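In: This is a predicted model, with the sequence first.
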Amino acid sequence: MTTPVDLFPGYETRRLQIQDAEIFARIGGAGEPLLLLHGYPQTHAMWHPLAERLAQHFKLVIADLRGYGESSCPETVADHASYSKRAMAGDMVEVMSALGHERFAILGHDRGARVAYRMALDAPERVERMVLLDIVPTHDMWNTMGRPLALKAYHWPFLAQPAPLPETLIGGAPDYYIEHTLASWTAAKDLSAFSEAALDHYRRQFATWERIHACCEDYRAGATYDFEADAKDREAGRKIACPTCVIWGSAGFPGQAGGPLKIWREWCDHVEGQAIDCGHFVVEEAPEPTLEALLPFLTHG
């Protein structure tokens, strides 16, 4: 398999051994630290449309979550804790410490946004402020999954099925699966929002059983460990203390889970946000509107 195009030329490449995983990260820009976390079914490559502008304001740490991209795939365990958002958040806390950043901002999309808000709950002293792209909390997502949302977000229960059912089905036609998934979650229902170079990165993500399995474990954790972690925080009345901005696509998932901003106000002390005219992949479908929505918040403008 050929090496994919470098979408972050001039950036430093780091492989950091922390906990039970090796985390791959690209580092560039100058300013206060900003951690960028991708979602499913993508890798760190998804941030390339925003990187140039963000690097003018921030020191960017653009990481692959455990099990994704070029990060390692830790062993799975019975309760799926090794792919929980708590484990992934712990990875990133250690990564940022290793890079000398004790307090930082986070920009997360999809699964990466779930890692971000879990970090803000588990390690609030580390998170300066946070932007969450196109999600509502895991607890709310499962509890509001009626017929329309379940049809759109079918992958939540599908990927959470016991191994090796989803792994086997995806592995039978991985390119078809990844391309169908990406296209079906956009507003246009096609691949026009994605550069061919980025698509190459995403297809590689599903080229091995090991990574397909890791992605499924992520969703198995979401249906079990992560849901219970959220439920315990809700029962205890814990809230996210850092300033938080939520941005969602008008044709994405959160709009069908109820009012996203209303939901996040139940979880956060200080939250603002807005919808953007696009589907789930706000960074690639609508890079300029996304920047316009998040940059003033991150720069305290």
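Out: Yep, that arrived. Values in this document were obtained by computation on a predicted structure and should not be read as measured data.
In: so which helix or strand takes in I106?
Out: Element membership for I106, per DSSP states H and E: strand 104-109.
In: Stretch 101-110: end-to-end distance?
Out: 23 Å (C-alpha to C-alpha, to the nearest Å).
In: R103: how many residues sit nearby?
Out: Using other C-beta atoms under 10 Å, R103 has 12 neighbouring residues. Quick note: C-beta positions are derived from backbone N, CA and C, even for glycine.
In: On the three-state scheme, the closest residue to it other than its chain neighbours is what?
Out: Distances taken as C-beta to C-beta, 6 or more residues apart in numbering place E128 nearest to R103, at 5.3 Å, with adjacent residues excluded. Judged by DSSP: H, G, I helix; E, B strand; the rest coil, the three-state class of E128 is strand.
In: what sits against E128?
Out: E32, R103, F104, A105, C242 (C-beta atoms under 8 Å, 6 or more residues apart in numbering).
In: Between these, which sits nearest P137?
Out: C242 (15.2 Å; C-beta to C-beta).
In: did I read that right, that closest one in a helix?
Out: No: secondary structure of C242 (three-state DSSP): coil, not part of a helix.
In: Report the distance from the helix or strand hosting V115 to the chain centre.
Out: Taking DSSP H and E as the definition, one finds V115 inside helix 111-122. Between the centre of helix 111-122 and the centre of its chain there are 9 Å (C-alpha atoms, centre = their mean, to the nearest Å).
In: who does that helix touch, helix- and strand-wise?
Out: Helix 111-122 is packed against strand 32-37, helix 85-98, strand 104-109, strand 127-133, helix 225-236, with contacts defined by 3 or more C-beta pairs under 8 Å, 6 or more residues apart in numbering; DSSP states H and E.
In: residues near A231, how many?
Out: 14.
In: dump the residue contacts of it.
Out: With C-beta under 8 Å, 6+ apart, A231 has these contacts: H139.
In: same question, D175
Out: Contacts of D175 by C-beta under 8 Å, 6+ apart are R203, F206.
In: try the one 10 residues further on
Out: W185 sits next to G252, F253, G279, H280, F281 when contact means C-beta under 8 Å, 6+ apart.
In: now H139
Out: Contacts of H139 (C-beta under 8 Å, 6+ apart): F227, D230, A231, R234.
In: and the first one, how many neighbours does it have?
Out: Residues lying near F227 (other C-beta under 10 Å) number 17.
In: Among the helices and strands packed on helix 111-122, show me which one is buried the most.
Out: strand 104-109 (a mean of 26; mean count of other C-beta atoms under 10 Å).
In: just the CA coordinates of that strand, formatted as PDB?
Out: This file holds the C-alpha atoms of strand 104-109, laid out as PDB (Å, rounded to 0.1, in the frame of the first residue of the first chain):
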ATOM      1  CA  PHE A 104      -5.100  23.700  26.700                       C
ATOM      2  CA  ALA A 105      -8.100  24.200  24.500                       C
ATOM      3  CA  ILE A 106      -9.800  21.300  22.600                       C
ATOM      4  CA  LEU A 107     -11.600  21.100  19.300                       C
ATOM      5  CA  GLY A 108     -13.300  17.800  18.700                       C
ATOM      6  CA  HIS A 109     -15.600  16.300  16.100                       C
END
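In: which residues sit against that strand?
Out: Contacts to strand 104-109, defined as C-beta under 8 Å, 6+ apart, come from residues 32-39, 42, 46, 54, 58, 61, 96, 114-117, 119-120, 126-134, 281-283, 294, 298.
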